[in-house]
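Asker: Predicted model and sequence below, questions to follow.
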Amino acid sequence: MHVLLRLSVAWAVALLLLLFPAPTTAQTLSDLLFFAPVPLEVRSPYLNFWTPASATSNTTVSTAAEAQAQFFFTDAFAGRTVLIRIDGVTHAIFGQLPLANQTNVTGVFVTPTRTTFTFQIGPLELSAAFFSPIEPGDWVRQSTPFAYWYLEMGVTDGKAHDVQIYAHVQTSDFFLTDGNSNVTFSTWATGQSLYHEVQLQDQRLFSENAQGQAEWGALYFTTAMNDDDVTYDIGSEDSLVHSFSVQGNLKTPPATATVIEGTTNTSSVFALVRNLGTVTTNSSAVFSLGFVQSPAIQFAHPSGGTQLRVPYFHTKYVAIGDLIDAFLGDFSSAWQRGLHLESQIDINSAGLPSDYLSLLGIATRLTMSSAVLTAGTLSDGTVDGTDVTMFMKNIGALTGSNRVTPVEVLYSAFPTFMYFDPTLGALLLEPLLEYQTSSHYTRPYAMPDAGTFYPNTTFSNVIHLQGVEQTANMLIMTYAYSRISGDGSLINAYYEVLAGWADYLIESTLFTETQVSADGLEISNQTNLAVKGIIALKAMSVMSASAGVESDSSKFSSVATSYINQWKELALGSDNHVLAQYGNESSWSLAYNMFVDKWLQTELIGEDIFTAHSNFLKHVNITIAPLTFSIAGIGIPFDSFRPNNISYSSNMFAAGYADLALQNTLISAMRSEPLTEEVSINDDSLTAWSRSADLGAAFAPLVLTVPSNGIHGNASAPASRAGGHSSAARKAGIALGCLALATVLLGLLYTYRRRRRVRGALAAARMRFRPGHRAKRDSNAGMLGVGVGAGAGDEDDMMKLDFIPYSKSDAVRVRREAGWKNLEDYEYDG
């Protein structure tokens with residue numbers, strides 16, 4: 001049956017909407033939108049090729065000439081050509097060649113695993129699918145950085161036709177060189193497969209070029225040797241295409257052995273031809289493209305030294321030819337697994353807006369291709385199949401170039417991993433947890449990433465201002481994995497660091513005076529950031545209970561309950577909508593972090609707030625002079641402080657907690673966007689900032705359908721927190737201690753809140769003070785301010801940066817802790 005007929009009706013309708021979106025009615029916005037790029041081979045950070053989006057038409061590509069491949073949204077085109085020869089006449093499926101007739105694309109369909117182009121070429125109806133499998137639960141297949149090209153055709157005139165398929169890759173474009181570099185190559189016939197192997201002669205291990213492409217590793221272009229006639233060649237594009245157009249074939253390989261090897265210029269093309277012979281009804285051809293880095297990661301081990309980590313498939317396949325034979329031989333089964341996977345998404349998304357499916361194809365590719373599944377190696381180079389970890393490349397680079405497993409990006413992508421295969425989430429978290437448990441890391445909060453230059457994991461003990469953000473992210477992800485998988489091993493193994501982070505949140509999350517959120521907001525007392533930390537505390541209380549540390553569980557639960565009650569007093573407007581900043585009634589926030597309360601079922605926020613805030617957001621209008629936009633056309637900005645900035649991930653998280661009407665609006669708006677993580681609206685233009693694994697947040701509404709399995713595997717508490725006793729007396733002592741602790745907490749809440757404000761202002765002062773800065777007390781207003789004076793003693797020009805309620809007792813504490821002799825007029829001298 002033709003490939004397109006195997007697409008479900010839901011996917012077909014949704015993906016047509018993605019690629020041929022309905023006109024928008026928002027003011028002038030239709031002039032700003034551009035359409036979705038289309039993924040081709042998207043399997044790893046370096047096998048990551050897309051067609052560019054069209055800015056001028058309602059189709060992504062209209063002819064074969066436009067179906068060019070770009071390496072991950074750079075301006076670098078990766079040359080590949082696919083031709084079909086029908087009854088001696090050559091037509092271009094991909095690539096623009098003077099010797100071939102151009103063909104028109106009649107349709108483009110994108111699902112989580114496949115992108116399919118359809119063509120009508122004379123008497124043949126043709127579909128060309130780029131298939132990047134997702135293999136939940138199968139680490140060998142998931143770690144294989146290969147993708148399929150699948151061409152299927154059907155005769156429409158009832159006659160017999162002579163058909164050949166030609167395909168080639170051009171290495172200068174693939175490696176993104178200038179064409180003057182040399183490559184070494186070999187062409188192999190295994191008896192089951194024929195493949196070209198190509199790599200740069202000058203390999204630069206763990207290095208990237210200016211476009212972000214790897215400068216080490218090998219390219220593989222393959223096809224199966226079965227009943228079809230298979231031929232090959234290497235040379236200039238013009239000569240090989242001419243030979244195919246005239247003869248319908250190239251060189252004939254032997255059954256087995258190395259066919260040819262040598263060195264050539266990167267302008268050469270590596271071609272394969274399949275002769276399908278006489279076609280009377282249907283026929284098909286399969287090729288595959290792979291790009292393998294081995295080793296893949298240079299890992300700074302917490303115990304010292306550097307470890308080279310290889311793709312996990314090496315635990316099963318030593319010879320690359322064996323891997324290629326298995327990959328090509330598995331195509332039919334892999335295709336069926338892909339169809340089943342997508343049918344499950346259809347089922348699980350029932351009840352969600354039809355537009356929703358159209359977002360998942362691209363979001364899935366970006367997220368799953370950003371991470372590499374690796375195995376460790378021993379000192380003798382042997383692959384250690386028991387040492388398994390995963391690392392993510394910050395492929396979009398919105399929040400920092402080339403970072404390794406950026407925690408805030410992993411957090412946005414986590415719903416995708418939890419939906420498809422929760423074990424991958426654990427493999428991504430564990431390197432971060434392991435390092436922060438070691439003596440090398442001394443900060444009380446979580447680190448932001450595992451390194452700043454992928455694929456080198458350097459880790460860092462750096463001071464940063466996202467302590468609440470990244471700490472809450474780590475606790476939330478650890479709990480999300482544990483409750484979905486039922487596996488408590490991460491909690492037990494890393495309990496000390498997890499509980500320590502929760503202690504940090506007790507000190508830092510309710511009043512976030514000096515904290516910066518992942519979305520870049522730097523104001524004090526952010527409601528959206530604070531609620532994330534509070535939810536993380538509640539999550540930690542459940543993890544503590546699962547680990548058998550009841551005293552911690554009671555403490556974290558009590559504090560979370562107290563904090564959420566205070567948050568509701570401070571963070572909500574008179575109509576119960578969420579403010580962006582405590583007490584600032586003119587402000588509002590998208591408050592996308594509230595999604596986690598629904599996901600983890602921590603039940604802190606309450607349906608009344610979800611409903612009230614959903615109702616408020618439906619009526620938000622964004623004014624950027626001279627234009628006013630409706631959220632139906634562009635989505636909702638982060639908050640009222642930044643009306644120009646709209647984030648895909650934050651809108652999708654909000655869709656996870658929103659009522660059905662707002663959820664529909666947000667999903668439709670994101671479908672109309674250029675599918676980037678963030679856009680900025682300025683005057684009459686949209687600027688897209690990133691396409692990255694952040695888009696994995698598209699699965700936020702869908703991950704709510706994934707059931708919890710409880711947390712198992714923690715028969716005993718970690719001794720370092722529990723004290724190592726298990727007697728009845730100890731249990732009674734814990735109960736009494738919990739009761740006493742709760743009493744003390746309730747009695748100290750007011751005092752604690754005031755002192756947190758004082759400490760926050762002090763921290764801000766210490767960070768911002770430089771020689772010439774001053775601190776002032778405004779006795780009349782009852783406030784303490786710290787700020788910068790334009791000149792010595794120039795109070796009128798002082799810019800007050802932070803304010804806290806001021807009293808005599810506060811003044812004593814400020815003088816004591818800051819070392820200030822005179823609070824009323826102190827000038828910092830450095």
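Answerer: Cool, got the structure.

Asker: how many neighbours does Q120 have?
Answerer: 14 (other Cβ atoms under 10 Å). All C-beta atoms are positioned from the backbone trio N, CA, C, and that covers glycine.

Asker: That one touches V105, doesn't it?
Answerer: No. The criterion here is Cβ atoms under 8 Å, and Q120 misses it with V105 at 9.6 Å.

Asker: Compute the first-to-last residue distance for stretch 236-255.
Answerer: 25 Å (Cα to Cα, to the nearest Å).

Asker: Would you mind listing the residues in contact with the spatially most central residue of the chain?
Answerer: When Cα atoms, centre = their mean is applied to the chain, the residue found nearest the centroid is A693 (1.9 Å). Shown in contact with A693 (Cβ atoms under 8 Å, 6 or more residues apart in numbering): 366-367, 370-371, 392, 394-396, 409-410, 412-413.

Asker: try 10 Å
Answerer: Residues near A693 by Cβ atoms under 10 Å, 6 or more residues apart in numbering: 45, 363, 366-371, 392-396, 406, 409-410, 412-414, 416-417, 649, 677.

Asker: repeat for N249
Answerer: 85, 164, 166, 229-233, 243, 273-275.

Asker: quick one: which helix or strand includes it?
Answerer: Assigned by DSSP states H and E, N249 falls within no helix or strand.

Asker: mind listing what's buried in the one helix or strand F270 maps to?
Answerer: F270 is part of strand 269-279 when elements are defined by DSSP H and E. Using 16 or more other Cβ atoms under 10 Å as the test for burial, strand 269-279 gives 269-276, 279.

Asker: One more: stretch 461-472?
Answerer: Quick answer for stretch 461-472 (16+ other Cβ under 10 Å): 466-472.

Asker: so how far is the first residue of that stretch from its last?
Answerer: 18 Å.

Asker: just stretch 273-287 next, same as before
Answerer: With Cα to Cα as the measure, stretch 273-287 spans 10 Å from end to end.

Asker: Please apply the same query to stretch 256-271.
Answerer: 18 Å.

Asker: do stretch 249-256 as well
Answerer: Stretch 249-256 has an end-to-end distance of 19 Å (criterion: Cα to Cα).

Asker: which residues touch the residue lying closest to Q601 once chain neighbours are set aside?
Answerer: Nearest non-adjacent residue to Q601, counting by Cβ to Cβ, 6 or more residues apart in numbering: S708, 7.3 Å away. Shown in contact with S708 (Cβ under 10 Å, 6+ apart): 480, 482-486, 600-601.

Asker: and those residues, which are buried?
Answerer: 480, 482-485, 600.

Asker: averaged over its residues, what pLDDT does stretch 371-387 have?
Answerer: In this model, stretch 371-387 has a mean pLDDT of 95.

Asker: Can I get that stretch in CSV? Just the C-alpha atoms.
Answerer: The C-alpha trace of stretch 371-387 is given here as CSV (Å, rounded to 0.1, in the frame of the first residue of the first chain):
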residue,chain,number,x,y,z
ALA,A,371,21.0,13.8,22.9
VAL,A,372,23.7,11.1,22.5
LEU,A,373,23.5,7.8,24.3
THR,A,374,26.9,6.6,25.3
ALA,A,375,28.8,3.8,26.9
GLY,A,376,32.0,4.2,28.9
THR,A,377,35.4,2.7,28.0
LEU,A,378,37.9,1.0,30.2
SER,A,379,41.6,1.8,30.4
ASP,A,380,42.4,-0.8,27.7
GLY,A,381,39.7,0.7,25.4
THR,A,382,37.1,-2.0,26.0
VAL,A,383,33.5,-0.8,25.9
ASP,A,384,31.8,-1.1,29.3
GLY,A,385,28.1,-1.8,28.7
THR,A,386,27.3,-1.3,32.4
ASP,A,387,28.5,2.3,32.3
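
Asker: Please tell me how far it is from the chain's geometric centre.
Answerer: Centre-to-centre, stretch 371-387 and its host chain are 24 Å apart (Cα atoms, centre = their mean, to the nearest Å).

Asker: swap in stretch 567-581?
Answerer: 30 Å.

Asker: repeat for stretch 246-259
Answerer: Centre to centre, stretch against its chain (Cα atoms, centre = their mean), the figure for stretch 246-259 is 42 Å.

Asker: Name the residues of that stretch that come out as buried.
Answerer: For stretch 246-259, by 16+ other Cβ under 10 Å, it's 248-250, 253, 259.

Asker: any chance of those in CSV, plus pLDDT and distance to L359?
Answerer: Formatted as CSV, the buried residues of stretch 246-259 follow (pLDDT from 0 to 100; distance: Cβ to Cβ, whole Å):
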residue, pLDDT, distance to L359
G248, 95, 42
N249, 95, 43
L250, 95, 42
P253, 84, 44
V259, 69, 44
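
Asker: Surely A502 is within a strand?
Answerer: No. Counting by DSSP: H, G, I helix; E, B strand; the rest coil, A502 is not part of a strand but helix.

Asker: What's the separation between the nearest residue to G137 once chain neighbours are set aside and P136?
Answerer: Counting by Cβ to Cβ, 6+ apart, G137 lies nearest to D421, which is 6.1 Å off, once chain neighbours are set aside. D421 sits 4 Å away from P136, going by Cβ to Cβ, to the nearest Å.

Asker: which residues are in contact with both of the two?
Answerer: Q142.

Asker: Looking at the two, which is more packed in?
Answerer: D421 (20 against 16).

Asker: Next, the buried residues of stretch 97-113.
Answerer: Buried residues in stretch 97-113 (16+ other Cβ under 10 Å): 97, 100, 103, 105-113.

Asker: Return the member of those residues nearest to E550.
Answerer: P112 (42.2 Å; Cβ to Cβ).

Asker: Where does that closest one sit, in terms of helix or strand?
Answerer: With DSSP H and E as the test, P112 turns up in no helix or strand.

Asker: ranges for the strands of the stretch 101-250 of the chain?
Answerer: Applying DSSP state E, counting those that start in this stretch to the stretch 101-250 of the chain gives strands spanning 101-102, 105-110, 114-121, 124-131, 146-155, 161-170, 182-189, 193-200, 218-224, 229-235.

Asker: Report the rounded mean pLDDT for the shortest one.
Answerer: The average pLDDT for strand 101-102 rounds to 83.

Asker: Please name the residues that touch the residue lying closest to N275 once chain neighbours are set aside.
Answerer: Leaving aside its sequence neighbours, N275 sits nearest to D229 (Cβ to Cβ, 6+ apart; 3.8 Å). Residues near D229 by Cβ under 10 Å, 6+ apart: 164, 248-249, 252, 273-277.

Asker: will you turn these into JSON lines that also has distance to I324?
Answerer: Compiled in JSON lines, the contacts of D229 are given as follows (distance: Cβ to Cβ, whole Å):
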{"residue": "Q164", "distance to I324": "22"}
{"residue": "G248", "distance to I324": "25"}
{"residue": "N249", "distance to I324": "22"}
{"residue": "T252", "distance to I324": "20"}
{"residue": "V273", "distance to I324": "18"}
{"residue": "R274", "distance to I324": "16"}
{"residue": "N275", "distance to I324": "21"}
{"residue": "L276", "distance to I324": "21"}
{"residue": "G277", "distance to I324": "24"}
